[in-house]
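Asks: please work out how this folds:
(chains A and B)
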Amino acid sequence: MAQDNDNHTESQLPQVLVLRQPGCWTMLESNYSHKFNFLKAWDSPLPQDQFLAGHAGSVQALLSSSIGPPITANILGMLPSLKVIVTTSAGLDHVDLPKCRERGVVVASAPKVHTHDVADLAVGLFLDVMRKISAGDRYVRDRLWASRGEFSLVSKIGGKRVGIVGLGNIGLEVAKKLEAFGCSILYNSRKEKPFVPYPFYSNICELALNSDALIICCALTAETHHLINNKVLLALGRDGIIVNVGRGAIIDEKEMVQCLVKGEIGGAGLDVFENEPQVPKELFPLDNVVLSPHNGPCTPEYFMDLCELVAGNLAAFFSNRPLLSPALDN
Amino acid sequence: MESVGVLMPVPMSPYLEQELERRFNLLKLWTAPEKAEFLKAHSGAIRAVIGNAGNGADVGLIEALPELEIIASFSVGIDKVDLDMCREKGIRVTNTPDVLTDDVADLAIGLALAVLRRLCEADGYVRSGGWKNGDYKLTTKFTGKTVGIIGLGRIGKAVAKRAEAFSCPIAYYSRTEKPDLQYKYYPSVVELASNCDILVVVCPLTQETRHIINREVIDALGPMGILINIGRGPHVDESELVSALLEGRLGGAGLDVYENEPDVPGQLFQLENVVLLPHVGSDTVETDTAMADLVIGNLEAHFLNKPLLTPVV
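Replies: This next block holds a predicted model:
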């Protein structure tokens, strides 16, 4: 029996509202449609508000992602029966958490699934910028090796001081991996971490001043918005490089672009931007910049683990068991 | 020592040239309109030759330089030096081990990450505006993949140490098993290739290791496997590699060296599962300086009758 979007078909399966397809949708739908009745807002000819008004009155569970519409107080207001939001990201900056708290809506995130993939990308971008891997690959493919000769000398990775901004799961993993390359690690975090062997800098400018590279691994919050501003970039300096695998808005993007164009910092490896998929075109001619299309968590293994966690959280909710990965702010 | 003639075949390092010129009579072969005549004219004065990855001293050169006493290579690999002939004639040979170990190992991991996570291709995707039309596709996780290393010398061990930080199980092939290491040994390259995800070539180039990566090994590595070559181009049967990549029999490759540098097979340029670098393994300012200092140090030691710093012969 085909299930049309007006939902006249009675389904015994628990309803889960999905406003827009998350990145893992194909895998999620094919593996878990037998367990959950996914209410697909994007599939409806109705505009979102009308769809919610007409069909989401009894919905208790919402699946959201950082690429879907932000879960604002307005949307929450249209979901009177909502009890749980399961998000496919570790980041929660797209959810109105205070409103959720007020309404008693619990939130589950996906904090550790992508740790290795994002950390691998941070290290990969760092190595690429430092050793000019993408630039070297272009040099060969443009047939410049034969005509122009040797490529440029770069600076050695061993002995470089790497300042990690945000020493959570991802930051710690990046630290561990870079230590194997002979880098010394320093960090800035909301609070000093007691059992960590790396020097802590409470002031981000001080961290930048003492680092050859900054790697941004923290969450985007009101406090970290534009944390990396002109002052921090100038402290990082002409030879310093910055890698961002957190969120674009942690860096004042306009300032960073100016610093790169003027040579006030040495290079950048960026997986995230303030206005994805818009990327400042001033960066395109720069050989000391490596750009990545928000690919941090983008391997099949990651998507399988993520689907399992999302389904696990939903199943836990519907059977009155504790969520597998409740967000700390609950 | 200003009268000692030192022959440099090609430009290698401005710093090295400058330091050689301060101490010796540096003869720059690449500036000569007629190389054979240049050698003949200076053959009485040349007592040292500076080698590098692409230039050593074969029979022809050694015989053209009757006063040759030492070949100091600006590289760790000395496959272009006829070592047997040097031994026979009492010519000393030095190289530059250790100082470049970290840089080359760093690059091996950088290449692996670049291939698996499609860093170069994705960068191009963004620059060409492709991201506005849709997300880039899935790539392959690096953490946890099995890394197979051919040649577990200084650089091989350094590659292993870095890969271990990514929880990569390490396997290897070497001329002899190394029981004090905790890595899994395979007695043949084909078996190693069958049992790893990323195969790294990092052994010296000799007659035995030429084309050590042949069709059989490439097929054993397979359509999910990645080859990383930071050794020498001739380690790999390049035409077999190219056809395997074009036909999808090999998952991908990260190459810093080629059989005929600086020529790189053009068919590779259309492939997104390949990363191509222009032999930059040790091309950092710090290592360039350290290697040059070692070359100078070896030459000075020789001409002052002191023990050589890093002799091979």
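Asks: count of neighbours near B:Met224?
Replies: 11 (other Cβ atoms under 10 Å in any protein chain shown). Quick note: C-beta positions are derived from backbone N, CA and C, even for glycine.
Asks: SS state for it?
Replies: Under DSSP: H, G, I helix; E, B strand; the rest coil, the three-state class of B:Met224 is coil.
Asks: what residues are up against it?
Replies: B:197, B:251 (Cβ atoms under 8 Å, 6 or more residues apart in numbering or on different chains).
Asks: how about the CA coordinates for the longest helix along chain B, as PDB?
Replies: Ranked by residue count, the top helix of chain B under DSSP state H comes out as helix B:285-303. Provided in PDB are the C-alpha atoms of helix B:285-303 (Å, rounded to 0.1, in the frame of the first residue of the first chain):
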ATOM      1  CA  VAL B 285      64.200  24.900   4.100                       C
ATOM      2  CA  GLU B 286      65.500  23.400   7.300                       C
ATOM      3  CA  THR B 287      66.300  20.000   5.700                       C
ATOM      4  CA  ASP B 288      67.800  21.600   2.600                       C
ATOM      5  CA  THR B 289      70.200  23.400   5.000                       C
ATOM      6  CA  ALA B 290      70.900  20.300   7.100                       C
ATOM      7  CA  MET B 291      71.600  18.200   3.900                       C
ATOM      8  CA  ALA B 292      73.900  20.800   2.500                       C
ATOM      9  CA  ASP B 293      75.800  21.100   5.800                       C
ATOM     10  CA  LEU B 294      76.200  17.400   5.800                       C
ATOM     11  CA  VAL B 295      77.600  17.400   2.200                       C
ATOM     12  CA  ILE B 296      80.000  20.200   3.100                       C
ATOM     13  CA  GLY B 297      81.000  18.500   6.400                       C
ATOM     14  CA  ASN B 298      81.800  15.200   4.500                       C
ATOM     15  CA  LEU B 299      83.900  17.000   1.900                       C
ATOM     16  CA  GLU B 300      85.800  19.000   4.500                       C
ATOM     17  CA  ALA B 301      86.400  15.900   6.600                       C
ATOM     18  CA  HIS B 302      87.700  14.100   3.500                       C
ATOM     19  CA  PHE B 303      90.100  16.800   2.400                       C
END
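Asks: buried ones in the helix or strand where B:Arg162 lies?
Replies: Assigned by DSSP states H and E, B:Arg162 falls within helix B:154-164. Under the neighbour-count criterion of 16 or more other Cβ atoms under 10 Å in any protein chain shown, helix B:154-164 has B:154-163 buried.
Asks: same check on stretch B:16-24?
Replies: Buried, per 16+ other Cβ under 10 Å, within stretch B:16-24: B:16-17, B:19-20, B:24.
Asks: follow-up on the earlier one: please see if the helix holding B:Arg162 touches chain A.
Replies: Yes. Applying Cβ under 8 Å from any Cβ of the partner chain, one finds helix B:154-164 touching chain A at B:161-162, B:164.
Asks: for residue 52, which non-adjacent residue is spatially closest?
Replies: Reading this off chain A. A:Met78 (4.2 Å; Cβ to Cβ, 6 or more residues apart in numbering or on different chains).
Asks: hmm, I had chain B in mind actually
Replies: Counting by Cβ to Cβ, 6+ apart, the residue nearest B:Asn52 is B:Phe74, at 4.5 Å.
Asks: isn't the one you found right next to B:Thr96, touching?
Replies: Yes. With contacts defined as Cβ atoms under 8 Å, B:Phe74 counts as touching B:Thr96 at a distance of 6.5 Å.
Asks: SS state for A:Pro98?
Replies: helix.
Asks: and it, how many neighbours does it have?
Replies: By other Cβ under 10 Å, 10 other residues sit near A:Pro98.
Asks: repeat for the one 10 residues further on
Replies: Per other Cβ under 10 Å, the neighbour tally for A:Ala108 reads 25.
Asks: quick check: it vs chain B, distance?
Replies: Distance of A:Ala108 to chain B, given as Cβ to the nearest Cβ, to the nearest Å: 24 Å.
Asks: same thing with A:Val16?
Replies: 23 Å.
Asks: ok so, going back, quick check, nearest of the residues of helix B:154-164 next to chain A to chain A?
Replies: Within these, the smallest distance to chain A is 4.7 Å, found for B:Arg162 (Cβ to the nearest Cβ).
Asks: could you check the pLDDT of A:Met1?
Replies: Note on A:Met1: pLDDT of 45.
Asks: could you look up the SS state of B:Ala244?
Replies: helix.
Asks: run a quick neighbour tally on residue 190.
Replies: Assuming you mean chain A. Per other Cβ under 10 Å, the neighbour tally for A:Arg190 reads 14.
Asks: you answered for a different chain; I wanted chain B.
Replies: B:Val190 - counted by other Cβ under 10 Å - has 17 other residues nearby.
Asks: what's the following helix or strand after whichever strand or helix holds it?
Replies: Element membership for B:Val190, per DSSP H and E: helix B:189-194. Downstream of helix B:189-194, the next assigned helix or strand under DSSP H and E is strand B:198-201.
Asks: who are the packing partners of that following strand?
Replies: Here strand B:198-201 touches helix B:101-116, strand B:147-150, strand B:226-229, going by 3 or more Cβ pairs under 8 Å, 6 or more residues apart in numbering or on different chains; DSSP states H and E.
Asks: list the strands paired with the second one, with their directions.
Replies: It refers to strand B:147-150. strand B:170-173 (parallel), strand B:198-201 (parallel) (DSSP bridges).
Asks: contact partners for the nearest residue to A:Asp128 once chain neighbours are set aside?
Replies: Using Cβ to Cβ, 6+ apart and skipping residues adjacent in sequence, the residue nearest A:Asp128 is A:Val290, 4.6 Å away. Contact partners of A:Val290, counting by Cβ under 8 Å, 6+ apart, are A:125, A:128-129, A:133-134, A:268-270, B:119, B:123.
Asks: make TSV out of the strands paired with strand B:147-150 and add mean neighbour count.
Replies: Below are those laid out as TSV (neighbours: other Cβ atoms under 10 Å in any protein chain shown):
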stretch	mean neighbour count
strand B:170-173	23
strand B:198-201	28
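Asks: adding mean pLDDT, write those out as JSON lines.
Replies: Shown next, in JSON lines, are those (pLDDT from 0 to 100):
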{"stretch": "strand B:170-173", "mean pLDDT": "98"}
{"stretch": "strand B:198-201", "mean pLDDT": "98"}
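Asks: turn the ones you listed into CSV, columns for distance to A:Val86.
Replies: Listed next are those as CSV, based on distance: least, Cβ to Cβ, whole Å:
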stretch, distance to A:Val86
strand B:170-173, 38
strand B:198-201, 35
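Asks: ok, back up a step: and which of the contacts of A:Val290 is nearest A:Lys40?
Replies: A:Leu270 (32.5 Å; Cβ to Cβ).
Asks: that closest one reaches A:Leu291, doesn't it?
Replies: Yes. Taking Cβ under 8 Å as the definition, A:Leu270 is a contact partner of A:Leu291 at 5.8 Å.
Asks: hey, what's in contact with both of these two?
Replies: Common neighbours of A:Leu270 and A:Leu291, counting by Cβ under 8 Å, 6+ apart, are A:Leu283.
Asks: who's more crowded, the two?
Replies: A:Leu270 (27 against 24).
Asks: so what's that one closest to, chain neighbours aside?
Replies: A:Asn244 (5.1 Å).
Asks: give me the phi and psi for the one you found.
Replies: A:Asn244 has phi and psi values of phi -120, psi 110 when expressed as degrees, to the nearest 10.
Asks: up against chain A, what does the stretch 1-150 of chain B have?
Replies: B:11, B:102-103, B:106-107, B:109-111, B:113-114, B:117-120, B:122-123, B:125-127, B:130-132, B:135-136, B:138-144.
Asks: the closest residue to A:Val105 other than its chain neighbours: which element?
Replies: Once flanking residues are discounted, A:Val105 sits nearest to A:Leu82: 5.4 Å by Cβ to Cβ, 6+ apart. Assigned by DSSP H and E, A:Leu82 belongs to neither a helix nor a strand.
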